[in-house]
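In: Show me how the following folds:
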Amino acid sequence: MKQLILMLGWRILKGARHEQSISTMIKISFLGIAIGVFSMALVVSIMNGFEKVTHEKMQNIHPQLFIRSDGYPMNAYKLGSMFKKEFPEITAYAPSDTQNVLLENNATQAIDTVLVLRGIDPEREAQVSALHTKLTQTLDNNKSFPKLLVDNHILIGKKLAQNLELDVGQTITLFYAHQRGKKKRTVSFDEEEVVIAGIFDTGIDEFDSNLIISSLEFLKEIFPKANPTEIGLRLDPNASEDKLIHDLSFRIGLDVLSWKQLYPALVSALQLEKYVMFFLLALITLVASMNIISLTFMQIIRKQKDMALLQALGLAPQQVAYIFYIVGFLLTSIASLVGLTCAFFVGIFLDRYPFIELPDVSYVTK
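Out: Next comes the predicted model:
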């Protein structure tokens, strides 16, 4: 009986092409649903991809989680032993500290604005972030932090290098506040010559134009009181971030944050955009689906004699109704499949040929 109902529904849909008004209505309904599903699938896919790439870029620069001490020094390696014993889901950690410096281009004698000097553990940093993969130029084409960040060697951002016309291997001077005058409100500056060992390009302006990276040992040489005030963490893929943040904060009494908490506006905007676009396109698809209801009522009115004949042959009224449900289901399913297929191929095309460029305010270029 089910096969009979399905066959009758298919015959009604197939035979509608001989009736001009019904055929036109079917084409309009088909195109409306196909275009609606195509738009919804493509836009949601693009928004998901944009969100994923943005998250990956931010995670590559920042550790998955990090501990902050609000400027107070931490014994990072003692904490690392505690992580290993009590928190096996933490697979790696890397201490760091930041100080403010001024930079002078020795060739032009130009002094830039205040910059951030970040000291890292070269051996451990590559285990918690992918910052080493953002190096575009290095000495001897070496992209290993332990080999680059030796002695007074530093890394600078691409935009900073462009603004000051700096290049790899060039020597520059860092000015840093050493001590304050006791009687007068003055600040005396010391200077240190450093060598540019590499240039990184994260694609994020705040990093590429304001950040200088050195080793922790070099940072301590020019700032003797400097100690790690931040520890980056990498977690096991199956670990729960929220649970670990809660447990670790309770255990050590310090702020434990996710990289997402650094950019709450960005994360919220990405989620809101995706939900709003999905909702609007779903409404458009729903409006297109209303044509199916109109088409079904038109078919019921035109097929009253056939319905009476089928009931006379023994079909129950509910089974006759199923025939028209099948008509709507077939039309909607085929139109949705066509829309999804078109969205799939357009998505592949945009993935291989990303010709739509985004403005600088975005964290991805295309």
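In: Who are the packing partners of the strand or helix carrying Ile46?
Out: In the assignment (DSSP states H and E), Ile46 maps to helix 20-61. Using 3 or more CB pairs under 8 Å, 6 or more residues apart in numbering; DSSP states H and E, the elements in contact with helix 20-61 are helix 264-302, helix 317-352. For every residue, glycine as well, the C-beta is placed using N, CA and C.
In: Just give me the lowest mean pLDDT stretch among those helices.
Out: The weakest mean pLDDT among the helices and strands packed on helix 20-61 belongs to helix 264-302, with a mean of 76.
In: and the angle for it with helix 20-61?
Out: 160 degrees (axes from the mean of the first three to the mean of the last three CA atoms, to 10 degrees).
In: which parts of helix 264-302 are buried?
Out: Under the neighbour-count criterion of 16 or more other CB atoms under 10 Å, helix 264-302 has 267, 270, 274, 277, 281, 285, 288-289, 291-292, 295-296, 298-299 buried.
In: Between helix 317-352 and it, find me the angle.
Out: 140 degrees.
In: what helices or strands is helix 264-302 leaning on?
Out: By 3+ CB pairs under 8 Å, 6+ apart, helix 264-302 packs against helix 20-61, helix 317-352.
In: which strands and helices sit next to the shortest one?
Out: With contacts taken as 3+ CB pairs under 8 Å, 6+ apart, helix 317-352 sits against helix 2-15, helix 20-61, helix 264-302, helix 304-312.
In: closest one to Glu217 among the ones you listed?
Out: helix 20-61 (22.6 Å; CB to CB).
In: what's the spacing between that closest one and its chain's center?
Out: Distance of helix 20-61 from its chain centroid, counting by CA atoms, centre = their mean, to the nearest Å, is 19 Å.
In: which residues in the stretch 151-300 of the chain form strands?
Out: For the stretch 151-300 of the chain, the strands defined by DSSP state E, counting those that start in this stretch cover 153-157, 171-180, 187-200, 211-215, 230-235, 255-258.
In: Distance-wise, check the residue found closest to Asn163 once you drop the neighbours it is linked to in the chain relative to Gln162.
Out: Distances taken as CB to CB, 6 or more residues apart in numbering place Ser209 nearest to Asn163, at 6.8 Å, with adjacent residues excluded. Separation of Ser209 from Gln162 (CB to CB, to the nearest Å): 9 Å.
In: Comparing these two, which residue is more hemmed in?
Out: Ser209 (18 against 12; other CB atoms under 10 Å).
In: Can you check which strand is longest in the chain?
Out: Ranked by number of residues, the top strand in the chain under DSSP state E is strand 90-105.
In: Tell me which of the strands of the stretch 151-300 of the chain approaches Ala41 most closely.
Out: Taking the strands of the stretch 151-300 of the chain one by one with CB to CB, strand 255-258 is closest: 30.3 Å.
In: Give me the residues contacting that closest one.
Out: Gln64, Leu65, Phe66, Ile67, Arg68, Ser69, Asp70, Glu241, Leu244, Ile245, Leu248, Ser249 (CB atoms under 8 Å, 6 or more residues apart in numbering).
In: Buried ones in that strand, by neighbour count?
Out: Val256, Leu257, Ser258.
In: go on, stretch 33-49?
Out: Of the residues in stretch 33-49, those buried (16+ other CB under 10 Å) are 33-47.
In: For Leu79, see how far away Glu86 is.
Out: 10 Å.
In: Phe349 now?
Out: 49 Å.
In: swap in Phe38?
Out: Phe38 is 52 Å from Leu79, by CB to CB.
In: quick one: Glu51 from Thr133, how far?
Out: Glu51 is 21 Å from Thr133, by CB to CB.
In: before we move on, what about Asn141?
Out: 14 Å.
In: No more questions from me, cheers.
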